[in-house]
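S.K.: the sequence isn't on hand, but the structure is:
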C-alpha cells in the first residue's frame, strides 16, 4: 500500500471507529440512560497543559478554557486515529485487506489503559476512577466504551477496505 494511502486509511479507520463508539454510547444513553462521556473535560484538561498544568485535583473545578468542548472532541477523534495506527502497527497494514475481529477488539479493550492510567489520574479521578463516587460503574462504562471502539475498528476496517478498494 502506498504510504499516503496508508496514512489516509489509518485516519479514516480511526475516525470511523471513534464514530462507532460515539453512536454506541448514544444508543446506550437513549436505551438505558447511561451517561454520555464528557469530552469537554478532556478539552479543559488539554487546554491547561500549555500553562504547565497536567494534574488536577478535580478537572470540573478547574477554570474553563476557551474552546474546551471543541478541543475535547478533536482530541477524542485524534486519539482514535492514533489507536488505529497502533492496531495497524501491531498487526500490519495488510489487516485492512481482510479485517478480523480479535485484533480489533483486543486493541480496543487495551486502549482503556489510557483513561485508567493517564487521563483519570491526571483529571483527579484517580487510577481507574478509584476516587469517583462509584468506581465500579465508571470502570464498567470505560470498558464498554472501549469495547465499542474495538467493535468500531473491526466494522471500520471493512468500511475502509470497501471505500478504498483494498
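M.R.: On my side now, so go ahead. What you see is a predicted model; the values in this text were computed from it and never measured.

S.K.: and the most centrally placed residue in the chain, which of the three is it?
M.R.: Closest residue to the average C-alpha location of the chain: residue 80 at 4.9 Å, with CA atoms, centre = their mean. Following DSSP: H, G, I helix; E, B strand; the rest coil, residue 80 is assigned to helix.

S.K.: same check, this time on residue 132
M.R.: Under three-state DSSP, the three-state class of residue 132 is coil.

S.K.: okay, it: pLDDT?
M.R.: At residue 132, the pLDDT value in this model is 96.

S.K.: now it: phi and psi?
M.R.: Per-residue torsions, residue 132: phi -90, psi 160 (degrees, to the nearest 10).

S.K.: okay, now it: neighbour count?
M.R.: 15 (other CB atoms under 10 Å). (C-beta placed from N, C-alpha, C; glycine too.)

S.K.: go on, the one 10 residues further on?
M.R.: Per other CB under 10 Å, the neighbour tally for residue 142 reads 20.

S.K.: quick one: contacts for it?
M.R.: Neighbouring residues of residue 142 by CB atoms under 8 Å, 6 or more residues apart in numbering: 112, 115, 116, 129.

S.K.: start to end distance for stretch 49-69?
M.R.: Stretch 49-69 has an end-to-end distance of 15 Å (CA to CA, to the nearest Å).

S.K.: so what touches that stretch?
M.R.: For stretch 49-69, the surrounding residues in contact (CB under 8 Å, 6+ apart) are 39-41, 43-45, 47-48, 71, 121-124.

S.K.: filter those down to the buried ones.
M.R.: Using 16 or more other CB atoms under 10 Å as the burial test, the contacts of stretch 49-69 include 39-41, 43-45, 47-48, 71, 121-124 as buried.
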